[in-house]
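**Q** got a predicted model here, sequence first, then my questions.
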Number of protein chains: 2
Amino acid sequence: MPNTYQRIVLASRPSGAVSPDNFRLEEAPVPELADGQVLVRNHYLSLDPYMRGRMDEGKSYASPQPLGEVMIGGTVGEVEASKNPKFQVGDKVVGMFGWQEIGVSDGSGLQKVDTTHIPLSAYLGSVGMPGVTAWYGLNKIIEPKSGETVVVSAASGAVGSVVGQLAKLKGCRAVGIAGGKEKCDYVVNELGFDACIDYKAAADSKALYMMLKEATPDGVDGYFENVGGEILDVVLSRMNAFGRIAVCGMIAGYDGQPLPMKNPRMILVSRLKIEGFIVSEHMDVWPQALSELGNGVAQGKIKFRESVAQGLASAPEAFMGLLKGKNFGKQLVKLV
Amino acid sequence: MPNTYQRIVLASRPSGAVSPDNFRLEEAPVPELADGQVLVRNHYLSLDPYMRGRMDEGKSYASPQPLGEVMIGGTVGEVEASKNPKFQVGDKVVGMFGWQEIGVSDGSGLQKVDTTHIPLSAYLGSVGMPGVTAWYGLNKIIEPKSGETVVVSAASGAVGSVVGQLAKLKGCRAVGIAGGKEKCDYVVNELGFDACIDYKAAADSKALYMMLKEATPDGVDGYFENVGGEILDVVLSRMNAFGRIAVCGMIAGYDGQPLPMKNPRMILVSRLKIEGFIVSEHMDVWPQALSELGNGVAQGKIKFRESVAQGLASAPEAFMGLLKGKNFGKQLVKLV
């Protein structure tokens, strides 16, 4: 067992797009365990769009990531040493150790998980925070009825893929929006969505609208928003009366560029409900959501795909790719 | 009793702002009553912003006002002749007879009202559709708790004035936004709002934001939107986490000019709920709302002000003024 480990800290805040020099890779000594503590070897680090918001100083829903500290992030790993009776060496655990190869904890915030029927990495995706995000927005905001049409952007991603599959399980028409033919084919053929729109194949907003119209012959009852910008404008104009929009992310505007909503009058015209949410503020639903998602994955009813970058040093590059939609499915970094 | 009456029909659809030649004043013979019918002499016609939407052909929440037919509108009046046993000559009634001096009905859609403690005209305002609109948006969408801050635009108007007074009765801080010192003084001194912002006195959005900040030291928990545009942008940036916005109107965009929302990311950042509504789609709440509003007016707890134009021929001019905020309080046309 090496007596040092690697970690990545926030070196500077981005002005506009994230760049590699916003991060700094550090080497640190593995600490001695105190009584009650447990040492975890992280196997996977989760990369998620919310991290972009934390890198800024401005007003957001969470306090900014402090400079010089380990980047925030969800991790799964294995207990390597334990002075805590609740954890044994070899236990698989989910935690929030951030961008680093190991983590030390007194056990709080650490969750033991069962990998018999669910792969460890899925606890960072469909059976983790992204899955619960999809579950919450769909069930608590969109509340779709069987036969309704649900649209989700970033449909091949960690959140979007679950939204559409859960919508299908509820008897809805599920329509994805994704970037590129390959992602769209996957969304329809592998995940079982009814249709998927390749926004990159649309020459302009009008063309995108026509594609959406064709894919949603009965209009749109629920929209799960991950991207914002032009796509939101187009979907807004296709919403049915009393439609619901769950705003989970607006990745298109994360670098600070203006991202106006062109025609908010549609909120009134179509009597829409639009609601923004952060899944970590709704911990009460997590047990139910995780149980349903875990069953879905174990039974093969919820499928997923992962983009896995190798080694901690590749995390900044993989994260920048994620923000540009270069990943395909849940973006992970394999640490061991 | 004259054997003709006047009525105003929609002569053409506006391109941009409404103009007088969109309307045509007609003279028509008073019809003979058939069995079961009742003839009402309209005393007041209500002018409301929603009428602007009906004048357009485009997609809106209601079917467009047909060309050549009497303009839609709420009325209060007195039964002048009756061949319907449910109505007696002299009964005061509320109806939807539109822009005309009389109305003939089989009694459906006609409501007898008691003017002992509530003036007849109030049934077109605080104890009518505008009052219920305020009641619904406040109680069913904003759902304010005592101690919270509620902001309403067009605060001296028929809807806005009720929103703020109801909010005060619930123990909230009520802050209005209105155009001009006179309206603001009225909102604070007569209606009892805690503060009112004169948006016309703000040099730009930043100045407006500073005025709003001063008037809402604890931020904004609920916003009742009647106007849209720049004011919505400014209030959005002042919303507290989990704030609620009831979208009742966006009068600033009724002539078709683009009215973008500058920073929809605030929906996510502040986890807002934004909901558009049309009060006529929530008839189930009307009895409760009207009963509370009627008590409030009868007991002097809900005050109101009216702008009264004289004679049917003045309706187009008064309506155009309403769309520009020239009215002060509920805009009515006195027909008798």
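**A** Arrived safely, thanks for sending. From a predicted model like this one, the values you see are computed outputs, not experimental measurements.

**Q** dihedrals phi and psi, the residue of chain A positioned farthest from its centre?
**A** Distance from the C-alpha centroid of chain A, by Cα atoms, centre = their mean, peaks at residue A:35 (34.9 Å). As for residue A:35, its main-chain torsions (degrees, to the nearest 10) stand at phi -60, psi 140.

**Q** neighbours of the residue nearest to it when sequence neighbours are not counted, how many?
**A** Sequence neighbours aside, residue A:83 is the residue nearest to residue A:35 in space, at 5.2 Å (criterion: Cβ to Cβ, 6 or more residues apart in numbering or on different chains). (Each C-beta comes from the backbone N, C-alpha and C, glycine too.) By the criterion of other Cβ atoms under 10 Å in any protein chain shown, residue A:83 has 14 neighbours.

**Q** what do you get for residue A:88?
**A** Residue A:88 has 11 nearby residues by other Cβ under 10 Å.

**Q** cool, residue A:278 as well?
**A** Residue A:278 has 17 nearby residues by other Cβ under 10 Å.

**Q** ok, now the one 10 residues further on?
**A** Residues within reach of residue A:288, counting by other Cβ under 10 Å, total 12.

**Q** and it, what element?
**A** Assigned by DSSP states H and E, residue A:288 belongs to helix A:286-298.

**Q** show me what the following helix or strand past that helix is packed against.
**A** Downstream of helix A:286-298, the next assigned helix or strand under DSSP H and E is strand A:306-310. Counting contacts by 3 or more Cβ pairs under 8 Å, 6 or more residues apart in numbering or on different chains; DSSP states H and E, strand A:306-310 is packed against helix A:315-323, strand A:330-334.

**Q** what strands flank the last one, and is each parallel or antiparallel?
**A** Pointing back at strand A:330-334 there. strand A:38-46 (antiparallel), strand A:306-310 (parallel) (DSSP bridges).

**Q** is the residue positioned nearest the centre of chain A in a helix, a strand, or coil?
**A** The centroid of chain A falls nearest to residue A:130 when counting by Cα atoms, centre = their mean (4.2 Å). Here residue A:130 is helix, with the state taken from DSSP: H, G, I helix; E, B strand; the rest coil.

**Q** excluding chain neighbours, what is closest to it?
**A** Here the residue nearest residue A:130, using Cβ to Cβ, 6+ apart, is residue A:158, at 3.7 Å.

**Q** ok, now which ones touch that neighbour?
**A** A:48, A:125-126, A:130-131, A:304, A:329-331 (Cβ atoms under 8 Å, 6 or more residues apart in numbering or on different chains).

**Q** and those, which is closest to chain B?
**A** Checking these against chain B with Cβ to the nearest Cβ, the nearest one is residue A:48 at 14.2 Å.

**Q** tell me which parts of the stretch 101-250 of chain A are close to chain B?
**A** Counting by Cβ under 8 Å from any Cβ of the partner chain, the stretch 101-250 of chain A comes close to chain B at A:228, A:232, A:241, A:247-250.

**Q** can you say which of those residues are buried?
**A** A:228, A:232, A:247-250 (16 or more other Cβ atoms under 10 Å in any protein chain shown).

**Q** helices along chain A, start to end?
**A** A:50-55, A:129-136, A:158-169, A:181-189, A:205-215, A:230-236, A:265-269, A:286-298, A:315-323 (DSSP state H).

**Q** contact partners for the nearest residue to residue A:279 once chain neighbours are set aside?
**A** Among residues not flanking residue A:279 along the chain, residue A:133 sits closest, at 4.3 Å (Cβ to Cβ, 6+ apart). For residue A:133, the contacting residues are A:159, A:248, A:279, by Cβ under 8 Å, 6+ apart.

**Q** if we take those residues, which one ends up nearest to chain B?
**A** Using Cβ to the nearest Cβ, those come closest to chain B at residue A:248, 7.6 Å.

**Q** tell me how many other residues surround residue A:68.
**A** Residue A:68, neighbours per other Cβ under 10 Å, totals 11.

**Q** can you tell me how far it is from residue A:31?
**A** Distance, residue A:68 to residue A:31, by Cβ to Cβ, to the nearest Å: 18 Å.

**Q** just checking, residue A:244 touches residue A:142?
**A** Yes - in this structure, residue A:244 is within contact of residue A:142 by Cβ atoms under 8 Å, at 4.7 Å.

**Q** so which of these two has more stuff around it?
**A** residue A:142 (28 against 24).

**Q** shouldn't residue A:312 be in contact with residue A:99?
**A** Yes - using Cβ under 8 Å, residue A:312 is in contact with residue A:99, at 6.7 Å.

**Q** what is in contact with those two at once?
**A** A:7-8, A:45, A:333.

**Q** pull out the buried members of those residues.
**A** Of these, these count as buried by 16+ other Cβ under 10 Å: A:7-8, A:45, A:333.

**Q** among those residues, which pair sits farthest apart?
**A** Distances among those were taken as Cβ to Cβ; the most separated pair is A:7 and A:333, at 12.4 Å.

**Q** mind listing the shared neighbours of those two?
**A** With Cβ under 8 Å, 6+ apart as the test, residue A:7 and residue A:333 both reach A:99, A:312.

**Q** stretch A:189-201: which residues count as buried?
**A** Buried-residue list, stretch A:189-201, by 16+ other Cβ under 10 Å: A:191, A:193-199.

**Q** swap that for stretch A:18-35, please
**A** Within stretch A:18-35, judged by 16+ other Cβ under 10 Å, the buried ones are A:18, A:22-24, A:30.

**Q** mind listing the shared neighbours of residue A:244 and residue A:142?
**A** A:221-223.
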